[in-house]
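Participant: let me see the structure of the following:
(chains A and B)
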Amino acid sequence: DAGVTQSPTHLIKTRGQQVTLRCSPISGHKSVSWYQQVLGQGPQFIFQYYEKEERGRGNFPDRFSARQFPNYSSELNVNALLLGDSALYLCASSLVPGSNEKLFFGSGTQLSVL
Amino acid sequence: EDQVTQSPEALRLQEGESSSLNCSYTVSGLRGLFWYRQDPGKGPEFLFTLYSAGEEKEKERLKATLTKKESFLHITAPKPEDSATYLCAVQAAGANSKLTFGKGITLSVRP
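Facilitator: The predicted structure is shown next:
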C-alpha cells in the first residue's frame, strides 16, 4: 500500500507569491494534518481536517489556509509568501482524529522563498 | 500550553556505545507520547507510542520508557545506520490528533 504522498517535493517561490501544496493520505485514512518544520526545529502543527471540516488550527497567520476534498486528499495554501515561510511542509494522515492513533507522515514539500 | 524539551541537542557515539536520549514534557492530560525517527530531507517515521507512566516498548536496539514527566529512548549497541534525528512528541486529550514536538536530538554513530 502507498504511504502518504505529497507534491511537489521541492518548490522555489519569491516573496509575495502564493503556493499550493498537495497531499494524498493513506488509503482508508480520513484525517489529514499539516505541519511546518523549519530547519533545526521540530514540526509545528498548522491544521487538521477530518471529513472536509477543520478540526484544529495552530498558531499561524490567516495567510495559511487548507481544505480537504471528498476523496480525503488535502491542499495547503500559503498567500503573500515571506522569507520565513521557507521550510519543510509535512502532511500526516490518520484514521480518525481525537484518538491516540499514530500519525503517518509523508516525505514533505521543501519550500524555499527567495 | 503543551511543551516538549529534548536533550542533548546532539549526541555523537562510537559504534557499540550505548546511551539514552531524554524527553521532558508538560501537557494537560496526556493521551500519548510518541517517538519518531527522521532522516535528512524525509518525513518522521513512527517508532513508539507510550500511554502511561511505567510503560516500556522495545524495537531492535531501541527501548522507550515513560514517567509522569519524562521519557527516555535507550539505544543499546548502536550502529551507524541508527544515525538520524529522534523526535519526541506529546498528544493531549482533545478533539484532534495534534502533536506537539520537541526540537529533536541529532544522533551520529561513528563506525
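Participant: ranges for the strands of chain A?
Facilitator: Assigned by DSSP state E, the strands in chain A fall at A:5-7, A:10-13, A:19-24, A:31-37, A:44-50, A:53-57, A:64-68, A:74-78, A:87-94, A:104-105, A:109-113.
Participant: an error on my part: the question was meant for chain B.
Facilitator: B:3-7, B:10-14, B:19-26, B:30-38, B:45-50, B:56-59, B:62-66, B:70-75, B:84-92, B:99-101, B:105-110.
Participant: chain A: which of the ones you listed is closest?
Facilitator: strand B:99-101 (3.2 Å; CB to the nearest CB). The C-beta positions use only the backbone N, C-alpha and C, and glycine is treated the same way.
Participant: and the closest one, what does it pack against?
Facilitator: strand A:44-50, strand B:3-7, strand B:84-92 (3 or more CB pairs under 8 Å, 6 or more residues apart in numbering or on different chains; DSSP states H and E).
Participant: for B:Glu58, find the nearest of those.
Facilitator: B:Glu58 sits nearest to strand B:84-92 of all these, at 15.2 Å, using CB to CB.
Participant: for the closest one, what is the distance to the chain centroid?
Facilitator: Centroid separation between strand B:84-92 and its chain, computed with CA atoms, centre = their mean, to the nearest Å, is 5 Å.
Participant: ok, back up a step: can you add mean neighbour count, mean pLDDT and distance to B:Phe72 and give the strands of chain A back as CSV?
Facilitator: CSV is the format used below for these (neighbours: other CB atoms under 10 Å in any protein chain shown; pLDDT from 0 to 100; distance: least, CB to CB, whole Å):
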stretch, mean neighbour count, mean pLDDT, distance to B:Phe72
strand A:5-7, 16, 97, 32
strand A:10-13, 13, 97, 36
strand A:19-24, 19, 98, 33
strand A:31-37, 26, 95, 24
strand A:44-50, 23, 93, 24
strand A:53-57, 15, 90, 29
strand A:64-68, 19, 97, 35
strand A:74-78, 21, 98, 34
strand A:87-94, 25, 95, 25
strand A:104-105, 22, 94, 23
strand A:109-113, 18, 97, 32
